[in-house]
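>>> Generate a structure from the sequence data that follows.
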Amino acid sequence: MIHRVDGRADSIEKKIQKLDLELRKYRDQMKKMREGSAKNMVKQKALRILKQKKMYEQQRDQLMQQSFNLEQANFATQTLKDTKTTVDAMKLGVKEMKKEYKKVNIDQIEDLQDDMSDMMEQANEIQESLSRTYGMPELDDADLDAELDALGDEMMLEDDASYLDEAANAPAVPGTLPGESEGEKSAEGIAVDEFGLPKLQTG
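A predicted model of the protein is given here:
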């Protein structure tokens, strides 16, 4: 229906365009003509063409309005159909949800949650039991303070004992007098003679 109305409107539009061409032709003629009966005759023809054009324009506008109204009606009809389809789909969805919801037992879900909570608590207790330490001394803040103070004293002693390291690295004192050979010594470092007896120190 809409296409037929639009077709009629297009046909009238073509007639209007044809009349416009005739009006332009009469306008150009009148520009070249002097005032008189001949120009008046051309003017009457142009006036008749203009009346036809206005009539066609009115018919075209009416057809365009009819086409618009039809489109609006079709749009409203299609919207109602879409709405009904949507409502039917929602009803079906709610029906299926109710059907599936009946299969769900809330009490069983709550019991399952309670069981899971109990099992997790038992698992934590087992982990704590397995990670328990044995034979560890019980210490308090006083013990910690004493240990830290002792560590501080040890660090001070290590700094003060640095001179001992320097003394240990110093050259050893010779055990013999200048010009005297070391000779043989016992395991204790005492000079002995050829018989293994300690040598007598002479003044």
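>>> Please make it C-alpha for all contacts and neighbour counts, starting now.
Will do.
>>> packing partners for the lengthiest helix in the chain?
Ordering each helix of the chain by length in residues (DSSP state H) puts helix 37-101 first. Here helix 37-101 is seen to pack against helix 2-32 when contacts are counted using 3 or more C-alpha pairs under 8 Å, 6 or more residues apart in numbering; DSSP states H and E.
>>> you'd agree Lys103 is in a helix?
No: counting by DSSP: H, G, I helix; E, B strand; the rest coil, Lys103 is located in no helix; its state is coil.
>>> Can you report how many residues lie near it?
Here the number of neighbours of Lys103 (other C-alpha atoms under 10 Å) works out to 8.
>>> same deal with Leu63?
Summarising burial for Leu63: neighbours were counted as other C-alpha under 10 Å, giving 21.
>>> That one touches Asp10, doesn't it?
No: with the criterion set as C-alpha atoms under 8 Å, Leu63 and Asp10 do not qualify as a contacting pair; they are 9.5 Å apart.
>>> How far off centre is the helix or strand where Asp118 lies?
Assigning secondary structure by DSSP states H and E places Asp118 in helix 106-130. On the basis of C-alpha atoms, centre = their mean, to the nearest Å, helix 106-130 sits 34 Å off its chain's mean C-alpha point.
>>> Buried by neighbour count: which residues of that helix qualify?
With burial defined by 16 or more other C-alpha atoms under 10 Å, not one residue of helix 106-130 is counted as buried.
>>> what about it, average pLDDT?
Throughout helix 106-130, pLDDT has a mean value of 87.
>>> OK, contacts around Gln29?
Gln29 sits next to Val42 when contact means C-alpha atoms under 8 Å, 6 or more residues apart in numbering.
>>> That one and Arg48: what is the separation?
16 Å (C-alpha to C-alpha, to the nearest Å).
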